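Student: sequence and predicted structure are below.
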Amino acid sequence: MNHVSAIFNDEQAIKLDCGSEIKYHLSYDTYGTLNADKSNAILICHALTGDQYAASTNPITGKAGWWSLMIGPGLAVDTDKYFVICANVLGGCIGSTGPTSTDPKTGKAYGLNFPIITIADMVRTQVRLVDHFKIDVLFSVIGGSMGGMLVLEWAANYKDRLLSAIPIATASKHSSQNIAFYEVGRQAVMADPNWHGGNYHANETAPKKGLAVARMIAHITYMSEESLQKKFGRKLQDRESITFGFDADFQIESYLRHQGMSFVDRFDANSYLYVSRAMDYFDLAEQFDGHLMNAFIDTNIRFCIISFTTDWAFPPAASKLITQALNRVAANVSYVEIDSPSGHDAFLMNEPELFDAVAGFLKSSDEKHEITPKGQK
Amino acid sequence: MSKYQTRADLQILVEMIKPNSRVLDIGCGDGELLKLLTHNKNIDARGVELDQANVNRCVAEGLSVMQGNADTDLVNYPDEAFDYVILSKTIQATHRPDLVIEQMLRIGKHAIVSFHNFGHWRVIKSLAFKSQMPVTKKLTYSWYETPNIHFCTIKDLANLCESLNIEVTQKVILNQFGQKSHVSNWPTLVNLFGDQAIFLLKKK
């Protein structure tokens, strides 16, 4: 598989929803080869704590790419056929411009001087990246969770730039409950004395405990009660009986602590604040007079909406709302609800029905638009 | 719901539909008709299916299908969104066939209803001589477990269309062997010997 890691340094500044302008760059990876007429490109949009290493080993953690079960030679998103682009979002901390980047005004890390960004801003920079490749129309834009929000933003505001869209385990807006959980996470970060009002870089420290707690609480929302019960139940961690103390007696406690602690090694606390805030602010209908269907009027994009039965962070009902809006404008939409015990995280896991749906949907779109030459199928 | 569909009635549905049109198949089952329409006549074919497992299989085969219910979900579509809206072997499982047909002709320029004739002589025989609700090769459910709550005869549907001010522009009757029946001009015989019927409908 042809794999490239690179940086797109936009010479033009970008105007953000908050009113600020910012010079930025995006770190991205590509997999596969762009064909001569540039018709085989698929943009992958990552989730809140995701990165550009969708299908290649993450150099920070040494782990396989977060969607390496989905993207690769012969897989659902087949890199033998398609040119896959995945960029770290604006505001991220894995190489793209974000709060850890140097503020040209001060010569120091932006910290909280970084402007507030939105999902629409992230997509604006992705559009520039796609322009940079001189790709007029993407074959597909695919993403889960926050990545799904980016997919919807693409579909609503750049209708002519994509043929198909696959928003997975996502919603057209953050619910009150979503905002509530992320607010608790942000408060945990900001309550950590090492946060220093966001200026921790200058103090050569980091609010690791606060960020770990933020990750722990978010992680609970990514799992279903069923999977927690099945995986951990009330099992004790390396001990025969409870210790009458606050040590991690239960396996679930030990697991969450591990999730929290390993997260802080790969993620920046301020970036977590900014990117989670962008999700809170996302409400696609709001951009269209409060009617979600208006976001999709006259769309020629083919949609495949996918949700998971036990996902309570982005429940099937949220996906159905998108499907209904698409029906109201008679858009071409498929809706797949996958029976999985794995909760929100199912979109990252080994879910054969997910891969089959994505593969089948892409194959038929490919045939319709004659993307892959006949002999190669 | 379409598991008893024969190639014959699918073929007639395909013949009825003009190429390059936009079609919604309600109760599309495993997507057999959608596949025929998509591949043979360049039709923008979409499906609605109650059973999620069927939906997922259809999408994995590249068809545009979503989970939905004929009784409740057609209201979500705009007027005249489709050239044809098809209800194939599904009308008997709807709660309000009259309202479903009206919705079909709101969202589609034409509606096609394909159904089993409950006036067929075998059905009558079962009722008359066995005093039992019929259970046959094509009607395999017993009365207490069947999802099929609104069986009708060919005449029933014709009467319903009349009362809803709907024109039956084409009527095809199939006998029990799936062949086109030639008794079409004899209403009583049609009702007795017609096994399946396919009505092409439009608003008067």
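Tutor: Alright, I've got the coordinates.

Student: leaving out the residues flanking it, which one is nearest to B:K155?
Tutor: Nearest residue to B:K155, sequence neighbours excluded (CB to CB, 6 or more residues apart in numbering or on different chains): B:N191, at 5.5 Å. The C-beta positions use only the backbone N, C-alpha and C, and glycine is treated the same way.

Student: let me see the contact set for the one you found.
Tutor: By CB atoms under 8 Å, 6 or more residues apart in numbering or on different chains, the contact set of B:N191 is B:N117, B:G119, B:H120, B:T153, B:I154, B:K155.

Student: is it true that it lies in a helix?
Tutor: Yes - the assignment for B:N191 by DSSP: H, G, I helix; E, B strand; the rest coil puts it in a helix.

Student: in PyMOL, select just the buried ones from the contacts of B:N191.
Tutor: In PyMOL, this line selects whichever of the contacts of B:N191 come out buried by 16 or more other CB atoms under 10 Å in any protein chain shown:
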select buried, chain B and resi 117+119+120+153+154+155
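
Student: the chain: strands as residue ranges?
Tutor: Picking chain A for this. Secondary structure of chain A by DSSP state E: the strands cover A:3-9, A:14-15, A:21-22, A:25-31, A:41-45, A:71-72, A:77-78, A:83-87, A:138-144, A:162-168, A:302-308, A:332-338.

Student: sorry, I should have been clearer: chain B.
Tutor: All strands of chain B, identified by DSSP E, fall at B:22-26, B:44-49, B:64-67, B:82-88, B:108-116, B:166-174, B:196-203.

Student: between the strands of chain A, which one is nearest to chain B?
Tutor: strand A:332-338 (3.8 Å; CB to the nearest CB).

Student: between that closest one and strand A:302-308, how many degrees?
Tutor: Strand A:332-338 runs at 20 degrees relative to strand A:302-308, counting by axes from the mean of the first three to the mean of the last three CA atoms, to 10 degrees.

Student: buried set for strand A:332-338?
Tutor: By neighbour count on 16+ other CB under 10 Å, the buried set for strand A:332-338 is A:N332, A:V333, A:S334, A:Y335, A:V336, A:E337, A:I338.

Student: apart from its neighbours in sequence, what residue is nearest the most centrally placed residue in chain A?
Tutor: Nearest to the geometric centre of chain A sits A:A47, at 1.7 Å (CA atoms, centre = their mean). Once flanking residues are discounted, A:A47 sits nearest to A:S145: 3.9 Å by CB to CB, 6+ apart.

Student: tell me who's in contact with that neighbour.
Tutor: Applying CB under 8 Å, 6+ apart, the residues near A:S145 are A:A47, A:L48, A:I168, A:A169, A:T170, A:A313, A:F314, A:H344, A:F347.

Student: swap the cut-off to 10 Å and go again
Tutor: Contacts were defined as CB atoms under 10 Å, 6 or more residues apart in numbering or on different chains; by that measure A:S145 touches A:45-50, A:167-171, A:222, A:279, A:311, A:313-314, A:344-345, A:347-348.

Student: residues in contact with residue 47?
Tutor: The chain I'm using is chain A. Counting by CB under 10 Å, 6+ apart, A:A47 touches A:66-67, A:89, A:143-150, A:168-170, A:222, A:275, A:279, A:344-345, A:347-348.

Student: actually, chain B is the one I wanted.
Tutor: A:334, B:23-31, B:33-34, B:37, B:54-55, B:58-59, B:63-66, B:68, B:86.

Student: partners of it in the sheet?
Tutor: When bridges are called by DSSP bridges, B:G47 pairs up with B:D25, B:V65.

Student: endpoints of stretch A:106-115, how far apart?
Tutor: Start-to-end span of stretch A:106-115 (CA to CA, to the nearest Å) is 14 Å.

Student: CSV for the strands of chain A, including mean pLDDT and distance to chain B?
Tutor: Output for the strands of chain A, formatted as CSV (pLDDT from 0 to 100; distance: least, CB to the nearest CB, whole Å):
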stretch, mean pLDDT, distance to chain B
strand A:3-9, 98, 28
strand A:14-15, 98, 35
strand A:21-22, 97, 40
strand A:25-31, 98, 23
strand A:41-45, 98, 16
strand A:71-72, 98, 18
strand A:77-78, 98, 14
strand A:83-87, 98, 20
strand A:138-144, 98, 13
strand A:162-168, 98, 11
strand A:302-308, 98, 7
strand A:332-338, 96, 4
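
Student: what's the burial count for the closest residue to chain B within the stretch 1-150 of chain A?
Tutor: Ranked by CB to the nearest CB, the top residue of the stretch 1-150 of chain A for proximity to chain B is A:A76, at 10.1 Å. A:A76 has 22 neighbouring residues, counting by other CB atoms under 10 Å in any protein chain shown.
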